[in-house]
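**Q** sequence first, predicted coordinates after that:
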There are 2 protein chains.
Amino acid sequence: MLSQKTKYAFSALTYLATHAGNGPVLIEEIAENRKISKKFLENILLELRKAGICGSKKGKGGGYYLIKAPADIQLSKIIRLVNGPISLVPCVSLHYYEPCGDCADEKSCKLRSIMMDVRDSALQILENRTLADLLD
Amino acid sequence: MLSQKTKYAFSALTYLATHAGNGPVLIEEIAENRKISKKFLENILLELRKAGICGSKKGKGGGYYLIKAPADIQLSKIIRLVNGPISLVPCVSLHYYEPCGDCADEKSCKLRSIMMDVRDSALQILENRTLADLLD
DNA sequence: TATATACTCTATAAATAAAGTAGATTATTA
DNA sequence: TAATAATCTACTTTATTTATAGAGTATATA
């Protein structure tokens, strides 16, 4: 399941997307409108900024803003960043690979090959859906 | 990601499947062969039994055994039982539905409809793969 | 340049979930 | 009745998630 943090990230990003063009948006404004703890949201937005998904400006008139068009922000990217791997097992993860150590040989592991199929079918969707698809 | 417990469940069930026909298998035997804490495995097997996936017998000559053919045990069933929902959000779960409360209207929620697609594509695979597919 | 503003950073606390453990109990076999 | 092996309830430990605190830094503008 997606963590609460991930759902907050989606919520904050769609807020930014629908309020684009009027300059940066205050963390506080997003927090109030989307019912997210301001301090927690600070962490999330910072993470999104470091990943190049949004930009920020300090001081008066500052705030957060999207750095790319919503249609260029894949849901898979947001999920990976905030939630973690999309795969169900680490030995199949494209971005967070780890040997699982449960099987003798990864290449011939039956569970692994099924989990690759599941991963691919999820990615097929999540790589082709973007922030733009979340807007009304 | 699948929990360690879920991976243990797969491991124990494949052990049972490959040792079928010689009568019940001791928890201890599975635990030793599959490197699982015996006490933890007890909990897991009990859960699998209560869900009708395997049966057990007490006393001498007792142990655990599969109650159905491996080909009749869907991976989706095992995952749901031990790991929880297959969906990424509760408002889309077929077996663990809960309103997520994050959106105003569930029916028109864009994220929800994407998450339904992800769920369906995962189920397409996990409902059609069984314990038999995990055996060598 | 002083001041208010608003994001940034590091650290920690609290809550929840996952993993693992203990020991008494019950059913079965021989 | 003695030995065996699953069952049940409860608890402990560890890890993760969620949330909070407060000092620090950059910016705008008067």
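**A** Structure received.
**Q** how far away is the residue in chain A positioned nearest to DNA strand D from DNA strand C?
**A** At 2.5 Å from DNA strand D, A:Gly59 is the closest residue in chain A, using CB to the nearest atom of the strand. C-betas here are computed from N, CA, C, even on glycine. Per CB to the nearest atom of the strand, to the nearest Å, A:Gly59 is found 4 Å from DNA strand C.
**Q** burial of A:Ser108, as a residue count?
**A** 10 (other CB atoms under 10 Å in any protein chain shown).
**Q** tell me how many other residues crowd the closest residue to it other than its chain neighbours.
**A** Among residues not flanking A:Ser108 along the chain, B:Asp136 sits closest, at 7.6 Å (CB to CB, 6 or more residues apart in numbering or on different chains). Residues near B:Asp136, counting by other CB under 10 Å, number 7.
**Q** before we move on, back to that, tell me if the residue of chain A closest to DNA strand D really is in a helix.
**A** No: read with DSSP: H, G, I helix; E, B strand; the rest coil, A:Gly59 is coil and lies in no helix.
**Q** surely A:Ala20 meets A:Tyr65?
**A** Yes: the criterion here is CB atoms under 8 Å, and A:Ala20 meets it with A:Tyr65 at 6.9 Å.
**Q** secondary structure element for the most centrally placed residue in chain A, which one?
**A** Centroid-nearest residue in chain A, with CA atoms, centre = their mean: A:Ile78, separated by 1.5 Å. Here A:Ile78 sits within helix A:75-82, counting by DSSP states H and E.
**Q** what is that helix packed up against?
**A** Helix A:75-82 makes packing contacts with helix A:4-18, helix A:38-50, helix A:110-126 when contacts are defined by 3 or more CB pairs under 8 Å, 6 or more residues apart in numbering or on different chains; DSSP states H and E.
**Q** do you know which of these lies nearest B:Lys50?
**A** Evaluated over the helices and strands packed on helix A:75-82, closeness to B:Lys50 peaks at helix A:110-126, with 23.4 Å, by CB to CB.
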